[in-house]
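Chemist: 3D model of this:
(chains A and B)
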2 protein chains.
Amino acid sequence: AGRGLPQARVGILGCGAIARKGARAIARARNAELVAVASRDLHKCQRWCAELALPLSVARLGSYEALLALDLDVVYVALPTAAHAEWASKAAAAGRHVLVEKPLARSAEEARQMVLACRAAGVQLMDGLMFMHHARFAKIRAVFEDRFTWQPLRVTAAFTFKATPDYLESNIRVRPDAEPLGCLGDLGWYLIRVGLAAFRWEGPESVATRLHAANEAGIPLDADVDVYWPEASDELPAWAMASSAGDGCKGQAGTGPAAERLMTFHCSFLHPWRQWYEAVSLNGKVVRCRDLCIPQREQVCEFELEQTIGTTEIDCVAVADRTVVPTLDCAQEVCMWERMASIAASGERDPFFEDV
Amino acid sequence: AGRGLPQARVGILGCGAIARKGARAIARARNAELVAVASRDLHKCQRWCAELALPLSVARLGSYEALLALDLDVVYVALPTAAHAEWASKAAAAGRHVLVEKPLARSAEEARQMVLACRAAGVQLMDGLMFMHHARFAKIRAVFEDRFTWQPLRVTAAFTFKATPDYLESNIRVRPDAEPLGCLGDLGWYLIRVGLAAFRWEGPESVATRLHAANEAGIPLDADVDVYWPEASDELPAWAMASSAGDGCKGQAGTGPAAERLMTFHCSFLHPWRQWYEAVSLNGKVVRCRDLCIPQREQVCEFELEQTIGTTEIDCVAVADRTVVPTLDCAQEVCMWERMASIAASGERDPFFEDV
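Modeler: Residues are numbered from 1 along each chain as shown, chains lettered A, B, ... in the order given. The predicted structure is shown next:
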């Protein structure tokens, strides 16, 4: 929170690990202030606030209802996924904008209900995907949104980490009553968002999952997922196709058999840390990001843009034009909260977060 | 060919595009000289030799048999895959070392016959995978071969290019009588070699292919392939596991559910140019290569070695130790021919190329 700007008053529901990052980000946001934190267990809430050294002006509450009764602009629902729909809807009904941790809901139908509830109440619904708010991602989206130079063809991605035995035993993300989607919900939620962005928010046609490991309750722990998009429908004028033909050496395929348009990704709780994606356009343009979820640095954050030129005479050297695009001084979690607070201040909702 | 060293006498069977690269590499090799080139069509052979400006001392021949009758040390079989077994075996029977273009054969059984034929004749059999001979790959193999710091877990890879309509219509790689394996043989052959190297030449357990496109003759043009390895059997002493535990923040999974050990790759004739792989070890060590088949430069060629450290407090930054390892001044196609020529000169066969 800074001075001089109108401050959005924020309350946090739930005292989990992820909410700690939220609390710190709200403190750093120039236009938001943390007003209250609630847990079902008041002692847990007090301990959590003390660990984060939150000022005593932040109310410590032992019930979610008590928090919703306060004068707030935004409620941050940092509860297990199974509780998202109930508390997001209650917060919306109380007239609060709602930021919900990912995954938003347990099913598409549940998510739709939440969208409708927020729309009916005239409040913003946003999910907690911080990377969407990074200034880097705005640059990447600008690449994806240019219909003349980006014809989405394939996204390959991985978001994995190796959970401790403790985590696999007891963390809420592997409990069916809390997070029934396991690694698909926790990690796949990020990846599919990247895929949707690369495919310009077109809805996919089908999904196939190869589940490699699950716990005794059937919660996915390690899986590969293929997401298929239908054949490209947006016809471009011939001049645009010609001028964007980048694979100079081998040429365009033209008519005839075409490569499948798909995203294929690996998400896992049982695998060393990885968080990368590669998106490829029909014309040979490639976007690569190695730290999609948690940036490797706050001071400078990069992505790669590559255009294959072709191979030299007798195929001895492959020539590519590669650019590393830097973005400076951006803390995505802070950007997210500043965006949410500015929506709360202006009252102008961003329908984007409902449509996705 | 250079002076001062004993020169291995080489003959080329077949005047295709790939053999042009071979002819140039033989000319650059310090210990090999090109003696003869043969095609079934003498005029084609003469034209091909003239295009490459080969000296007139290189014999132009109109039959493969005529070439085998010459005094040669090495025969380079640059024919369609369907003809590999016949001519490799004949060359071996004539006492010549044999370098065969990839894919080696149409089936594992056919490959086994070729290995046996060469072994019986006491000659070297080698396939034309140039990247194996790059000095960079020796460094990468050194990473893979260290049992204490490399426990192979997953390889992700792509080798794709966009063929022209002409190519898809008429190239031998899409004709069932010549290259029945299509993109799986032409491109997958490289990728599976990388996977075998990363898994220390352990045999895989099973393979599953998702074929996305084929031509009218059923030749694969675009496919995703999963190759599964059995659970790790090589038990390491506890101290080695402990000291190699790199994922400091999240810790080792220990017992309990384990991630699948597999390679997943995309190979395609219908897709913009890509030629990368990522190999991951259980301890969080990662090897990345962006130009596996045709290097981007001859002067300096790189790969990345990364070790995840973990995420900082409150998960705001992901810390990784990344090293880019350069290899200077290496033309892999020349290295391959120098290796083959030195085998011919010494008479010491390298059993490695038979076993793979």
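Chemist: do the strand or helix carrying A:S342 and chain B meet?
Modeler: Using DSSP states H and E, A:S342 maps to helix A:332-346. Yes: looking at helix A:332-346 against chain B by C-beta under 8 Å from any C-beta of the partner chain, the contacts come from A:E333. From N, CA and C alone the C-beta is placed, and that goes for glycine too.
Chemist: got the CA positions of that helix in CSV?
Modeler: Only the C-alpha atoms of helix A:332-346 are listed here, as CSV (Å, rounded to 0.1, in the frame of the first residue of the first chain):
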residue,chain,number,x,y,z
GLN,A,332,3.8,-9.9,-11.1
GLU,A,333,2.0,-10.6,-7.9
VAL,A,334,2.1,-6.8,-7.1
CYS,A,335,0.8,-6.0,-10.6
MET,A,336,-2.1,-8.3,-10.1
TRP,A,337,-3.1,-6.6,-6.9
GLU,A,338,-2.7,-3.2,-8.4
ARG,A,339,-4.9,-4.2,-11.3
MET,A,340,-7.6,-5.5,-9.0
ALA,A,341,-7.4,-2.5,-6.8
SER,A,342,-7.7,-0.1,-9.8
ILE,A,343,-10.8,-2.0,-11.0
ALA,A,344,-12.3,-1.6,-7.5
ALA,A,345,-11.4,2.1,-7.5
SER,A,346,-12.9,2.8,-11.0
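Chemist: who touches that helix?
Modeler: Applying C-beta atoms under 8 Å, 6 or more residues apart in numbering or on different chains, the external contacts of helix A:332-346 come out as A:6-8, A:10, A:21-22, A:24-26, A:28-32, A:73-74, A:97, A:99, A:124, A:126, A:128, A:130-135, A:137, A:295, A:349-350, B:316.
Chemist: in helices, which of these fall?
Modeler: A:K21, A:G22, A:R24, A:A25, A:I26, A:R28, A:A135, A:F137 (DSSP state H).
Chemist: save these as TSV, and put in neighbour count too.
Modeler: Compiled in TSV, those are given as follows (neighbours: other C-beta atoms under 10 Å in any protein chain shown):
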residue	neighbour count
A:K21	18
A:G22	24
A:R24	20
A:A25	23
A:I26	27
A:R28	16
A:A135	13
A:F137	25
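Chemist: and which of those is nearest B:R47?
Modeler: Ranked by distance to B:R47 (C-beta to C-beta), the ones in helices among the contacts of helix A:332-346 are led by A:F137 at 54.0 Å.
Chemist: which non-adjacent residue is nearest the closest one?
Modeler: Among residues not flanking A:F137 along the chain, A:F131 sits closest, at 5.7 Å (C-beta to C-beta, 6 or more residues apart in numbering or on different chains).
Chemist: same check on A:G22?
Modeler: A:G22 sits nearest to A:Y76 (C-beta to C-beta, 6+ apart), 5.6 Å away.
Chemist: likewise A:D186?
Modeler: Counting by C-beta to C-beta, 6+ apart, the residue nearest A:D186 is A:R173, at 5.1 Å.
Chemist: for the one you found, give its distance to chain B.
Modeler: Distance from A:R173 to chain B, counting by C-beta to the nearest C-beta, to the nearest Å: 13 Å.
Chemist: check A:A213 too.
Modeler: Distance of A:A213 to chain B, given as C-beta to the nearest C-beta: 4 Å.
Chemist: give me the three-state assignment for the residue of chain A most remote from its centre.
Modeler: Most distant residue from the mean C-alpha position of chain A: A:I314, 44.0 Å away (C-alpha atoms, centre = their mean). With DSSP: H, G, I helix; E, B strand; the rest coil as the basis, the three-state label of A:I314 is helix.
Chemist: got a list of what the closest residue to it other than its chain neighbours touches?
Modeler: Distance criterion C-beta to C-beta, 6+ apart; nearest residue to A:I314, sequence neighbours excluded, is B:K21 at 4.7 Å. Applying C-beta under 8 Å, 6+ apart to B:K21 gives the contacts A:I314, A:D315, A:C316, B:E333.
Chemist: closest to A:I192 out of these?
Modeler: A:D315 (37.0 Å).
Chemist: now the closest one: closest residue in space that isn't a chain neighbour?
Modeler: Closest residue in space to A:D315, ignoring its immediate chain neighbours: B:K21 at 5.6 Å, by C-beta to C-beta, 6+ apart.
Chemist: so what's that neighbour scoring on pLDDT?
Modeler: Note on B:K21: pLDDT of 93.
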